[in-house]
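Colleague: Give me a model of this one.
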Amino acid sequence: MTLINCTPHAIVLCGRPLLASGVVSRVTEHASHIDDLDWLGGTVPLDAVLYGEVVDLPDPRPFTYYIVSRPVAEAVPHRLDVVFLTDFERDAGGQVVGARRLGRKRVG
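Modeller: The predicted structure is shown next:
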């Protein structure tokens with residue numbers, strides 16, 4: 001079985017490092033500005049975001065799983081080879097340092 005990391009950064013899964021593959025799968029976004037929020041003496045733009053198609057996701061291969069972001073996995077629930085990190089490990093400061101499991105979008 002092969003795991004391919006299609007995120008832009010190295011990850012740690014079950015205590016083992018997995019480097020980024022160089023392929024970064026993403027979901028396109030289409031944003032429309034809807035408001036400006038007042039915050040700490042300035043403004044923060046607020047957009048309505050519509051998610052589009054998945055880009056740069058490799059085709060399925062036998063015995064291969066692609067680790068992607070959760071939004072990518074959510075966008076392709078029919079792809080049983082597309083998984084995301086879950087059950088995160090955190091350091092004393094609360095920062096994520098790894099994951100203990102992989103997840104797949106549940107269909108149905």
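Colleague: going forward, measure contacts and count neighbours with C-alpha atoms only.
Modeller: Will do.
Colleague: Now residue 94. Its backbone dihedrals?
Modeller: phi 90, psi 0 (degrees, to the nearest 10).
Colleague: for residue 31, that is, sorry about that
Modeller: Main-chain dihedrals, residue 31, degrees, to the nearest 10: phi -110, psi 140.
Colleague: gap between it and residue 42?
Modeller: 21 Å (C-alpha to C-alpha, to the nearest Å).
Colleague: quick one: which of the two has more around it?
Modeller: residue 31 (12 against 8; other C-alpha atoms under 10 Å).
Colleague: what's the pLDDT at the residue lying farthest from the centre of the chain?
Modeller: Relative to the C-alpha centroid of the chain, counting by C-alpha atoms, centre = their mean, residue 41 is the outermost residue, at 33.0 Å. On pLDDT, residue 41 comes in at 96.
Colleague: go on, residue 106?
Modeller: At residue 106, pLDDT is 80.
Colleague: Residue 53 versus residue 5, what's the distance?
Modeller: 19 Å.
Colleague: Which one of those two is surrounded by more residues?
Modeller: residue 5 (24 against 11).
Colleague: Contact partners for that one?
Modeller: Applying C-alpha atoms under 8 Å, 6 or more residues apart in numbering, we find residue 5 in contact with 11, 18, 19, 20, 21, 23, 66, 67, 68.
Colleague: what pairs with the first one across the strands?
Modeller: In other words, residue 11. With DSSP bridges as the criterion, residue 11 is bridged to residue 18.
Colleague: list the contacts for it?
Modeller: Residue 11 neighbours (C-alpha under 8 Å, 6+ apart): 5, 17, 18, 19, 20, 98.
Colleague: Can you tell me which of these lies closest to residue 74?
Modeller: Residue 74 lies nearest to residue 5 out of the contacts of residue 11, by C-alpha to C-alpha, at 16.6 Å.
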